[in-house]
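Engineer: here is my input, please return the structure:
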Amino acid sequence: MPMHVFFSILLYLVVTVSVTAAVPTSIGYFAKASDTPLSHEIVLRFPIVLSKALQKANRGALIYPNEFSRRREKIKLKNQVLYKADEYKKLQDILDNGSLITGKIFEYEPKNIVLRKNNDKKIEPSTEMDGIDKRNVLVKLYHYNSATNYITTFWVYSKPETVVVDMVRRIFPLVGDRYLKAPIAAGSKVAVLATLNALELNQFYMELSRQRYRVHTLSGDDFTALAANDVEPLRSIQSRLVSYDAVRTLEEEPPFALSAAVDYSDDLADRNEYEAVREQMTNQFAKNFSSVLKKIQAHTQADYLLLFRPQGKKSFARGFDLHSGSLVWFQDSFPSKSSSNEDVLTAMVSEMQRSTPTLSDEQFVELGSQIDKMTAQREDGSLASVAILDFYDRTNSPLYAWLSGSLSSAVDDSMKKIFEYNRNEEQKSNAAGRKFFKSPADITTARLKEFKNETGADYIIFGFYSLSTSSSNIVIESKVYDLVKLTAIGGSVSQSPVDVRLFNAVDEIAQGVVQDIFNMAQKQSK
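Structural biologist: Prediction:
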């Protein structure tokens, strides 16, 4: 059967088959280069904005960090950004064929601007400075696919006010083992490398031309055979924005060497240095390959370089934007009719034209700016009332009395960043809490109902903390209940040494409470 007939039949099959059910995405650990309010804001907001986007685009469920931690602790794995290959295999059992996102957060701040003096007079800052960010954030995201055992890395360099939305936008084109930033549509100018013999390659070029692709040959030798092993090194590659690696080749990375902040003086003479820092942090493309892409673009004037290796289960495709020098498409499996080269190539061309379920830029921005009002339990449409109690000190030591109010304040601060609500009057809430909940055993449906009748609250957030007899760590247990339905929403148990890490544990407890409540709100809105 001629190749163009195979293309037509399979294109129809690929377009008309139903999309497989979406798998869950888990959010894991985010390491912070420095302990700042901004880094905590990113850790709090990213799962919530991603959850909104997944729901709006019908892209599956999100497993929040606190739920992932509970699963991780059951298989006795530590909280890490990157795991070893054997540890990733253990994670496969708790990810439900889904994926895991972890990351590293770095912030950069330039020093105070020093203005040059001229005849003892200060020169006003140049208007050029208006476009320079006073602080930028670099986030390196790791997306582990438990079904394929591969890791995709995303570099996000953005302003503080947009970094969370940019993180979500960057990873959204990834579905399973397929990443396509935007469809490579018919009419595009493409340069092609394919592991085909001369006759197959000639037929493939003609088929692309039939589909209105403008194919630009690389050289006079383009119609010679290219061996599969010649392109295998390009299976795992790093680009300026996205990299793609098998877990078996992944090694623990050394810490980032944070560059010194630059000093803007002498008519911003150091601006180039600042730009070099930005470029160094975001342009992690292999220099030799980047140079090759530039030469290909200059020679062919093509928009994309497409790399196809049709070889049964070992097939893969890669697409590079020759203008930006970045990887914009990769895929390792294809819904082909058979494992023949013709069928796999047909599926590859179909896949690069099929868009990924995503959202518009306007929708991403809207999701990042939304405040979720907790009004579902109020018939009159008013804001929900939330009782946030001081956590109960069960340490029997005056040294940790401060933690009681710190935990409730941290929860309140985190809640205000995500929800609009009325905090139930603190003295009344705490008095009722002391009356009904003297120990975890006192948390019963009857007592929760009595607490609601006495305070009028719609939700209650509280917990207990004690000293571990075996490790001397602080053990913090949080509780979240819906007082209208008299059901548990969430909660967690966390341990921390009695040192500076305790403050991070407090933040994590607060973030977990917010994520539990938001997760409940998302389910109710479906």
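
Engineer: return the set of buried residues in the longest helix along the chain.
Structural biologist: With DSSP state H setting the assignment, residue counts place helix 501-525 as the longest helix in the chain. Across helix 501-525, burial judged by 16 or more other CB atoms under 10 Å covers 502, 505-522. No exception for glycine: its C-beta is placed from N, CA and C like everyone else's.

Engineer: chain neighbours aside, what residue packs nearest to Gln331?
Structural biologist: Nearest residue to Gln331 in three dimensions, chain neighbours excluded: Arg178, at 4.4 Å (CB to CB, 6 or more residues apart in numbering).

Engineer: any idea how far Asn519 is from that neighbour?
Structural biologist: Look at Arg178 and Asn519: by CB to CB, to the nearest Å, they are 27 Å apart.

Engineer: now Asn149
Structural biologist: In this view, Asn149 and Asn519 are 28 Å apart by CB to CB.

Engineer: quick one: the strands in the stretch 251-400 of the chain?
Structural biologist: Taking DSSP state E, counting those that start in this stretch, the strands of the stretch 251-400 of the chain run over residues 304-309, 316-321, 326-331, 372-373, 385-388, 392-393.

Engineer: the second one: how far from the chain's middle?
Structural biologist: It stands for strand 316-321. Centroid separation for strand 316-321 versus its chain: 22 Å, with CA atoms, centre = their mean, to the nearest Å.

Engineer: so what does it touch, helix or strand wise?
Structural biologist: Packed against strand 316-321 by the contact rule (3 or more CB pairs under 8 Å, 6 or more residues apart in numbering; DSSP states H and E) you find strand 304-309, strand 326-331, helix 341-353.

Engineer: for the last one, packing partners?
Structural biologist: So that's helix 341-353. Applying 3+ CB pairs under 8 Å, 6+ apart, we find helix 341-353 packed against helix 3-16, strand 178-180, helix 198-210, strand 304-309, strand 316-321, strand 326-331.

Engineer: what pairs with the very next helix or strand once past the longest one, parallel or antiparallel?
Structural biologist: Where DSSP states H and E defines the elements, the next helix or strand beyond helix 3-16 is strand 25-32. Sheet partners assigned to strand 25-32 using DSSP bridges are listed as strand 62-63 (parallel), strand 99-108 (parallel).

Engineer: which residues are contacting the first one?
Structural biologist: Residues outside strand 62-63 that contact it (CB atoms under 8 Å, 6 or more residues apart in numbering) are Pro24, Thr25, Ser26, Ile27, Pro47, Leu50, Ser51, Leu54, Arg71, Gly98, Asn519.

Engineer: of all the helices and strands packed on strand 316-321, which one comes closest to Ser408?
Structural biologist: Relative to Ser408, the nearest member of those by CB to CB is strand 326-331, separated by 46.0 Å.

Engineer: correct me if wrong: Pro24 contacts Leu95.
Structural biologist: Yes - counting by CB atoms under 8 Å, Leu95 is a contact partner of Pro24 at 7.4 Å.

Engineer: distance check, Ser236 against Phe316.
Structural biologist: From Ser236 over to Phe316 (counting by CB to CB), the distance is 10 Å.

Engineer: between the two, which is the more surrounded one?
Structural biologist: The residue with more neighbours, out of Ser236 and Phe316, is Phe316; 22 against 17, by other CB atoms under 10 Å.

Engineer: list the contacts of the nearest residue to the more buried one once chain neighbours are set aside.
Structural biologist: Spatial nearest neighbour of Phe316, excluding adjacent residues (CB to CB, 6+ apart): Asp332 at 4.8 Å. Under the criterion of CB under 8 Å, 6+ apart, the neighbours of Asp332 are Thr148, Tyr150, Asp177, Arg178, Arg235, Ser315, Phe316.

Engineer: most neighbours of all these, which one?
Structural biologist: Neighbour counts for the contacts of Asp332 peak at Tyr150, which has 24 neighbours (criterion: other CB under 10 Å).

Engineer: need the contact list for that one.
Structural biologist: Tyr144, Asp177, Tyr244, Asp245, Ala246, Val247, Asp332.

Engineer: which one of those sits closest to Ala457?
Structural biologist: Tyr144 (40.0 Å).

Engineer: what number of residues lie near the closest one?
Structural biologist: Counted with other CB under 10 Å, Tyr144 comes out at 24.

Engineer: Phe518 is in contact with Leu50, isn't it?
Structural biologist: No - under the criterion of CB under 8 Å, Phe518 is not in contact with Leu50, lying 11.2 Å apart.

Engineer: looking at it, Phe462 is touching Ile388, isn't it?
Structural biologist: Yes - counting by CB under 8 Å, Phe462 touches Ile388, with 7.5 Å between them.

Engineer: common neighbours of the two, please.
Structural biologist: With CB under 8 Å, 6+ apart as the test, Phe462 and Ile388 both reach Ser408.

Engineer: where does the stretch 1-150 of the chain dip in pLDDT?
Structural biologist: Residues of the stretch 1-150 of the chain meeting the criterion pLDDT under 70: 1-21, 109-135.
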